[in-house]
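> I would like to see how this sequence folds:
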Amino acid sequence: MTAKLILRNKEYEVKAGMSLLDALKKSNIVPESVIATRDGELITEDEILRNGDVIKLIAVISGGAR
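Numbering: from 1, shown residues only. I've put the predicted structure just below:
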């Protein structure tokens, strides 16, 4: 039972049943650096991943004032 995280052109396979936050950490993705969507809907870090989920991760670009 697995779920898939997709960031840019990379795919990460993770166990279903874990939270998105745990899956990101396990995949060495900084949680604050991405926004996650499932079927076009925003999901939060405490969302539990289900078998067959495909989670698209959008890199957040941050900048600041000088």
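> Please give the number of neighbouring residues around the spatially closest residue to residue 34 that is not a sequence neighbour.
Of all residues not flanking residue 34 in the chain, residue 57 sits nearest, at 4.2 Å (C-beta to C-beta, 6 or more residues apart in numbering). In this view, the C-beta of every residue, glycine as well, is placed from N, C-alpha and C. When neighbours are defined as other C-beta atoms under 10 Å, residue 57 has 21 of them.
> Counting by contacts, list what the helix or strand where residue 57 lies packs against.
Here residue 57, judged by DSSP states H and E, is contained in strand 54-59. Identification of packing neighbours for strand 54-59 by 3 or more C-beta pairs under 8 Å, 6 or more residues apart in numbering; DSSP states H and E yields strand 2-7, strand 34-38.
> Can you list the strands that the longest one pairs with?
Next to strand 2-7 in the sheet, as set by DSSP bridges, lie strand 10-15 (antiparallel), strand 54-59 (parallel).
> What residues does the residue nearest to residue 34 make contact with?
5-7, 29, 34-37 (C-beta atoms under 8 Å, 6 or more residues apart in numbering).
> Pipe the helices and strands packed on strand 54-59 into TSV and attach mean neighbour count per row.
Shown next, in TSV, are those (neighbours: other C-beta atoms under 10 Å):
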stretch	mean neighbour count
strand 2-7	18
strand 34-38	17
